[in-house]
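Q: Provided below are the primary sequence and the corresponding predicted coordinates.
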Amino acid sequence: MKLLFKNIKELIQVRDKNIAFVSGKEMKTLPTIKNAFLIVENGLICDYGLMKDCPKGHFSETIDTAGKMILPSWCDSHTHIVYAGNRESEFVDRINGLTYEEIANNGGGILNSAKKLQETSEDDLYQQSEVRLEEIIQLGTGAVEIKSGYGLTENAELKMLRVIKRLKENYPIPIKATFLGAHAIPNEFKNDKNGYLDLLIKKILPKIAKENLADFIDVFCEKGYFSVDDTNRILKAGKQYGLQGKIHVNQFNALGGVKIGVENKALSVDHLEVMDTDDIEVLKNTKTMPVALPSCSYFLGIPYTPARKMIDSGLPLALATDYNPGSTPSGNMNFVLATACIKMKMTPAEAINAATINGAYAMNLENEVGSITKGKLANLILTKPINSHVFIPYSFGNHQIEKVFLKGKEVQK
């Protein structure tokens, strides 16, 4: 099958040579081609260029995109979309003044979600999760990472990872799975955190490896959850089973977790709402991608990741949704981009780079998605008629997506 998009007003995020990610000042540059064509063959990008150079020949389908733009699909490197039920009652608690920590101390939070998930069958969990996956695909996400972490028992964590595996098998979108057993300490281990870590490392990890259920390992490094030493232990254990590290870190406190992530060659460090100078320095010239989650800051009313300070210091940055029932019940990457521009003072070009090429890197998918590059998957967003790419985050309440393509095939609504 050979598909031609012609008369593209602007082809966005064009990278003739594949690069891993962009950092610092490079993030302000968004390479594009105006009045362009794009050819897709067998699900891959095979050619593009100026419309005047468009090759003639037979195409299975030709789509005239006059007035519209094409860009690579969003790459959402941090989600928790496999969960059961919701936590809408906590939404009211938060409005009434309770903090995230107070809700958790009252039996809400992650432990509340874990209880629901433990009582939910695998089939039911799959059905709830596929609805969310289909929703984010329609919103332009063309690659996604999904974490466990709402199970907190051996059976429930494995159940979550098996659901993620089924989603991988049944949908054409690249999906990465992350084992986040160290998301919270379950009540039965309230006074025995080391016992819980032993369960994760000695019992659950070997089964995950045997069934090939995860790509990464993650840990919530935060006061009241897991310490820097715990984080180091988890990351090292994951490495022994071929799972590269990721960390939830610096959400409420800077504890030194960023440094331990870099020392363990973590692929990403995520959240980073609280960043000190030492954290920024330790990330410089590393292969660890900082990931900001602005929807979480918006929903919880906590500080935003200091994107301007980080990028101006020469760091890269990726953007992701953190889609989960407690702190970010939304997988809308379009809103993430807008919020990053409005609240974090990222330029639209920086935000698009962060949500495409840098997000792809944060999932080890930089060779498959994240840019308009020959040989990459044709996971694409076709916009509505718009004046410029700036309109995408400017129009914060309405996405500007007309059609979504995965592997060159239009996703039906």
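A: Good, I have the coordinates.

Q: Only C-alpha atoms from now on, for both contacts and neighbour counts.
A: Fine.

Q: SS state for Asp124?
A: Classification of Asp124 by DSSP: H, G, I helix; E, B strand; the rest coil places it in helix.

Q: again with the one 3 residues further on
A: Here Gln127 is recorded as helix under three-state DSSP.

Q: Where does the residue nearest to Ile260 when sequence neighbours are not counted fall, secondary structure wise?
A: In this structure, Ile260 finds its nearest non-sequential neighbour in Asn232, 6.4 Å apart by CA to CA, 6 or more residues apart in numbering. Here Asn232 sits within helix 228-240, counting by DSSP states H and E.

Q: How about residues contacting that helix?
A: By CA atoms under 8 Å, 6 or more residues apart in numbering, the surrounding residues in contact with helix 228-240 are 182, 197, 201, 205, 216-221, 244-245, 255-257, 260-261, 264.

Q: So which of the residues you listed belong to strands?
A: In strands, judged by DSSP state E, the following of the contacts of helix 228-240 are found: 182, 216-221, 244-245.

Q: Which stretches in the stretch 251-400 of the chain count as helices?
A: All helices of the stretch 251-400 of the chain, identified by DSSP state H, counting those that start in this stretch, fall at 257-263, 277-283, 294-300, 307-312, 333-344, 348-355, 357-361, 391-394.

Q: so which of those helices comes closest to Ala378?
A: With CA to CA as the criterion, Ala378 lies closest to helix 357-361 of these, at 13.9 Å.

Q: Tell me which other helices or strands that closest one touches.
A: strand 74-79, strand 318-319 (3 or more CA pairs under 8 Å, 6 or more residues apart in numbering; DSSP states H and E).

Q: which of those is buried the deepest?
A: Across the helices and strands packed on helix 357-361, the average number of neighbours (mean count of other CA atoms under 10 Å) peaks for strand 318-319, which reaches a mean of 32.

Q: now stretch 19-28: mean pLDDT?
A: In this model, stretch 19-28 carries a mean pLDDT of 98.

Q: Endpoint to endpoint, it covers what distance?
A: Using CA to CA, to the nearest Å, the end-to-end distance of stretch 19-28 comes to 15 Å.

Q: What of stretch 23-37?
A: 28 Å.

Q: re the thing from before, what count of nearby residues applies to the residue nearest to Ile260?
A: Counted by other CA atoms under 10 Å, the residues lying close to Asn232 total 20.

Q: Sticking with Phe5, tell me its helix or strand.
A: Per DSSP H and E: strand 2-12 holds Phe5.

Q: For that strand, name the packing helices and strands.
A: strand 32-41, strand 61-64, strand 69-72.

Q: who touches the residue nearest to Leu133 when sequence neighbours are not counted in this structure?
A: If you skip the residues right next to it in sequence, Leu133 has Ile81 as its closest partner in space, 7.4 Å away by CA to CA, 6+ apart. Applying CA under 8 Å, 6+ apart to Ile81 gives the contacts 129, 132-133, 146-147, 323-324.

Q: So Ile81, which state does it fall into?
A: Strictly by three-state DSSP, Ile81 counts as coil.
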